[in-house]
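J.: Make a model of this:
(4 chains)
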Protein chains: 2
Amino acid sequence: MDAARTLFLRHGYAGTTMEQIAAAAGLTKRTVYNNYGGKDALFRQIVADVLAYAETFAHGLHEEFTVGVTATNLRVTLDDLARRLALGIVRPEVIALRRLLIGEARAFPRLGAEYFDRAPAQVLGALALGFAQLARRRLLRVDNARRAAAHFAYLVAGELLDRAMLVGTIPSKAAIIACARDGVETFLARYGRTGNGKRETGNG
Amino acid sequence: MDAARTLFLRHGYAGTTMEQIAAAAGLTKRTVYNNYGGKDALFRQIVADVLAYAETFAHGLHEEFTVGVTATNLRVTLDDLARRLALGIVRPEVIALRRLLIGEARAFPRLGAEYFDRAPAQVLGALALGFAQLARRRLLRVDNARRAAAHFAYLVAGELLDRAMLVGTIPSKAAIIACARDGVETFLARYGRTGNGKRETGNG
DNA sequence: ATAATACTTTACCGATGAGTGCAATATCCA
DNA sequence: TGGATATTGCACTCATCGGTAAAGTATTAT
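T.: Below is the predicted model of the structure:
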């Protein structure tokens, strides 16, 4: 399984042969067929495993996100959250998985949607939950928590993600952190209560 | 060429055979080989053509973007720009092209980067140019025009694009317009001069 | 020891599809 | 009409790769 996951992520579905998988695993093609029942099933199982792992990342974001947040440390909390989010999204394995799922979307039409529901959507859900809580505590001004979550996520990582998906190169850590911080800046300009952001918006 | 483009975008590179292309074009496989020299060359040429077309869309955004903009119509101008941008990005052909390039990134490593440079980067460049002009005319407060352009673009279309890429479904026009308008809202909260981003309630 | 199970080896099948050779035929232009 | 060029039809090669067959070999439990 480890061998298959590595090979699929590195060389894609069509670019990986069952013999390569068997060789990398120290097994024989026949054994792989006996245990995992064909390339399709093997691939699906591996994707399912990776998705389960990706889900834990999404849930991990919710931890320590709302507890202990005050008006004074809100910005630094969001900065930290944004940095973790951006660094998590543009990780090479994540990009490889996304590219893999998009590339095999015709052969496996369900997997892309399943990934979206179990990773990005979970992240957005966790963010929305947190923002709603912060809004209830008057630390943010959020009318539509879900929309705010999307704005946060794609402000912070949208460009990096898009570029990484198309170009295939992972941006530098410094660039990621800069994007994250500036994304929070814009986020707080709209959703922060006056006094949180660097500047205030004309409130009506 | 038309036949090949359609087939490649619809069924992918590996999912399209030279015979299908020839049949769709009313030609013979042999003739296609005589004129276009193999599947690789044909594919590259088609992508090049589509990229040239995509570039015109990017440049088209710059038109009527800065001229005639005043403090009073800034918001509606940006709303219109955002709507055009979002509608342009999530068009089925665009999504299909992006998925195609990502899927074939291993066979054609350059094409993804070339697409990024000729379409999204051109859009970001045009936006940055326009925002810089508007900042010079004191209609926006933009410190980093390039970053502002990225924020604008991915606020407006980031989530739609990401979802479309993974799930493969095109969002409804109403959803696109709502995203565009709310993205402008957040954009103006940071980059608008006080008095432009007035209404932060009653979205959707 | 013995029987059941799992793994290995090697060879093979079948399908697919890119690309080619070549002679016959159509099309076009002067 | 004649000659150059483009197109066709068809059979063919070559390579890849998923998947299978069958017989032999290790492992393990009882």
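J.: so where do the helices sit in chain A?
T.: Taking DSSP state H to define them, one finds helices in chain A at A:2-11, A:18-25, A:29-36, A:38-62, A:74-89, A:92-103, A:109-118, A:120-136, A:145-167, A:173-191.
J.: Contacts for the third one, please.
T.: By that I understand helix A:29-36. A:18, A:19, A:21, A:22, A:25, A:42, A:45 (CB atoms under 8 Å, 6 or more residues apart in numbering or on different chains). The way it works is simple: take the backbone N, C-alpha and C, and place the C-beta from them, glycine included.
J.: please redo it, this time with the cut-off set to 10 Å
T.: A:1, A:3-4, A:17-23, A:25, A:27-28, A:38-39, A:41-46 (CB atoms under 10 Å, 6 or more residues apart in numbering or on different chains).
J.: Pull out the buried members of those.
T.: A:3, A:4, A:18, A:21, A:22, A:25, A:39, A:42, A:43, A:44, A:46 (16 or more other CB atoms under 10 Å in any protein chain shown).
J.: Not counting sequence-adjacent ones, nearest residue to the residue nearest the centre of chain A?
T.: In chain A, the residue lying closest to the centroid (CA atoms, centre = their mean) is residue A:89, at 4.1 Å. Sequence neighbours aside, residue A:157 is the residue nearest to residue A:89 in space, at 4.6 Å (criterion: CB to CB, 6 or more residues apart in numbering or on different chains).
J.: Give the residue farthest from the middle of chain A.
T.: In chain A, by CA atoms, centre = their mean, residue A:30 is the one farthest from centre (36.1 Å).
J.: pLDDT at that one, what is it?
T.: pLDDT for residue A:30: 90.
J.: cool, residue A:127 as well?
T.: 96.
J.: what do you get for residue A:146?
T.: Per-residue confidence (pLDDT) for residue A:146: 97.
J.: Turn the helices of chain A into CSV, including distance to DNA strand C.
T.: Compiled in CSV, those are given as follows (distance: least, CB to the nearest atom of the strand, whole Å):
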stretch, distance to DNA strand C
helix A:2-11, 13
helix A:18-25, 7
helix A:29-36, 3
helix A:38-62, 12
helix A:74-89, 35
helix A:92-103, 17
helix A:109-118, 18
helix A:120-136, 33
helix A:145-167, 24
helix A:173-191, 38
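J.: Of those, flag the one that's most buried.
T.: Most buried of the helices of chain A by mean neighbour count (mean count of other CB atoms under 10 Å in any protein chain shown) is helix A:145-167; its value is a mean of 24.
J.: can you dump the C-alpha coordinates of that helix into CSV?
T.: What follows is helix A:145-167, C-alpha atoms only, in CSV (Å, rounded to 0.1, in the frame of the first residue of the first chain):
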residue,chain,number,x,y,z
ALA,A,145,-19.9,32.6,8.2
ARG,A,146,-19.6,30.2,5.3
ARG,A,147,-18.8,33.0,2.9
ALA,A,148,-16.3,34.4,5.4
ALA,A,149,-14.6,31.1,5.6
ALA,A,150,-14.3,30.9,1.8
HIS,A,151,-12.9,34.4,1.7
PHE,A,152,-10.4,33.5,4.4
ALA,A,153,-9.2,30.3,2.8
TYR,A,154,-8.9,31.6,-0.8
LEU,A,155,-7.4,34.9,0.3
VAL,A,156,-4.8,33.1,2.1
ALA,A,157,-4.0,30.3,-0.3
GLY,A,158,-6.0,30.8,-3.5
GLU,A,159,-3.2,32.1,-5.7
LEU,A,160,-0.6,29.7,-4.3
LEU,A,161,-2.9,26.8,-4.8
ASP,A,162,-3.9,27.7,-8.3
ARG,A,163,-0.3,28.3,-9.4
ALA,A,164,0.9,25.1,-7.7
MET,A,165,-1.8,23.1,-9.4
LEU,A,166,-1.0,24.4,-12.9
VAL,A,167,2.8,24.9,-12.7
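J.: That'll do, ta.
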